[in-house]
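A.B. asks: below is the sequence, then the predicted model.
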Amino acid sequence: MPLLLHIDTAVTGASVCLSDDAQVLAYSANPAQRDSAAWLQAAIRDLMTGAGRRLDELSAVSVSAGPGSYTGLRVGMASAKGLCYALGIPLLTVPTLKMMAAAAAPADGLLCPMIDARRLEVFAAVYNSKLEELVPAAPFILDENSFSAQLDAGPVTFFGNGSAKFRPLLTHPNARFAEVEADARHLAPLASAAFAAGAFADLAYAVPFYGKEFYTPVPPKTG
């Protein structure tokens, strides 16, 4: 069975998980997102030591690859790639929204994880009960007609830290809202399936999926 290390730093906080194939062996989390970079490497070391395993026993590393926090995604991807380069093992990248959907499954109808992207914008996607992507991950500006086609077809469960601002806009009878906590443990079954299928990322070119272009505003000139 493959020994897999899973890293999630995409949305709020950070977490790491060690699994034997899809079975979770050990888990650690840090809720403070700003501390992710300082916390992560020590957490991986302690996780492996506590489980009585060595880094050179790992078969692959998986990482939650976005969308999400720009800084968090860079921290997670850099750490995962660094380990894979050093150990000569494959990298597995898992969409963050799919990881969130895995945390919510099973559910009645469709699943729509949402990540807050400020104001009335969210990163979202829609999955069926088999975690097949029906609406690709993208930024959406929410209004009362958002996801109307999916809602007209049946129940849709909305969740994630972006869903709270959608609730006041939505009166459709097929809308459901749920509290779902996703973390590195929910990467385990997805990464295990990807490992079995040989769906490895290109280690040299793998980058996070930010969802939209990152830019730093230029301050206005004064004087």
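C.D. replies: Thanks, I have it. In this text the structure is predicted, and so the values were computed from the model without any measurement. Residues are numbered from 1 along each chain as shown.

A.B. asks: roughly how far apart are the closest residue to L142 other than its chain neighbours and M100?
C.D. replies: Taking Cβ to Cβ, 6 or more residues apart in numbering, and ignoring the residues beside it in sequence, L142 has L120 as its nearest neighbour in space, at 4.8 Å. All C-beta atoms are positioned from the backbone trio N, CA, C, and that covers glycine. When Cβ to Cβ, to the nearest Å is applied, the distance between L120 and M100 equals 20 Å.

A.B. asks: distance check, A80 against L92.
C.D. replies: In this view, A80 and L92 are 9 Å apart by Cβ to Cβ.

A.B. asks: what residues do those two have in common as contacts?
C.D. replies: In terms of Cβ atoms under 8 Å, 6 or more residues apart in numbering, A80 and L92 are both contacted by the residues V61, S62, V63.

A.B. asks: which of the residues you listed tops the neighbour count?
C.D. replies: Among the shared contacts of A80 and L92, V63 has the most neighbours (other Cβ atoms under 10 Å), with 32 neighbours.

A.B. asks: just say helix, strand or coil for that residue.
C.D. replies: On the three-state scheme (DSSP: H, G, I helix; E, B strand; the rest coil), V63 is labelled strand.

A.B. asks: quick test: name the residue nearest the centre of this protein.
C.D. replies: The geometric centre of the chain, computed from its C-alpha atoms, lies nearest to T96 (Cα atoms, centre = their mean), at 2.2 Å.

A.B. asks: domain ranges for this structure, per the record?
C.D. replies: Recorded structural domains for the chain (assignment: the TED database) are 3-96+182-197, 97-178.

A.B. asks: can you list those domains in JSON lines and add mean pLDDT and distance to A204?
C.D. replies: As requested, these are exported to JSON lines (pLDDT from 0 to 100; distance: least, Cβ to Cβ, whole Å):
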{"stretch": "domain 3-96+182-197", "mean pLDDT": "95", "distance to A204": "9"}
{"stretch": "domain 97-178", "mean pLDDT": "95", "distance to A204": "23"}
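
A.B. asks: to G211, which of those lies closest?
C.D. replies: With respect to G211, and counting by Cβ to Cβ, the nearest of the domains of the chain is domain 3-96+182-197 at 3.3 Å.

A.B. asks: ends of the closest one, what's the gap?
C.D. replies: From its first residue to its last, domain 3-96+182-197 covers 15 Å (Cα to Cα, to the nearest Å).

A.B. asks: distance of the residue nearest to L142 from L111?
C.D. replies: 21 Å.

A.B. asks: and A196, helix, strand or coil?
C.D. replies: Going by three-state DSSP: A196 is helix.

A.B. asks: which residues of this structure fall in helices?
C.D. replies: For the chain, applying DSSP state H gives helices covering 36-50, 70-87, 96-104, 148-153, 187-197.

A.B. asks: what lies in contact with the third one?
C.D. replies: The contact list for helix 96-104, computed with Cβ under 8 Å, 6+ apart, reads 8, 10-11, 64-68, 111, 113, 115, 123-125, 127, 131, 133, 137, 157, 159-160, 178, 180-183, 186-187, 189-190, 209.
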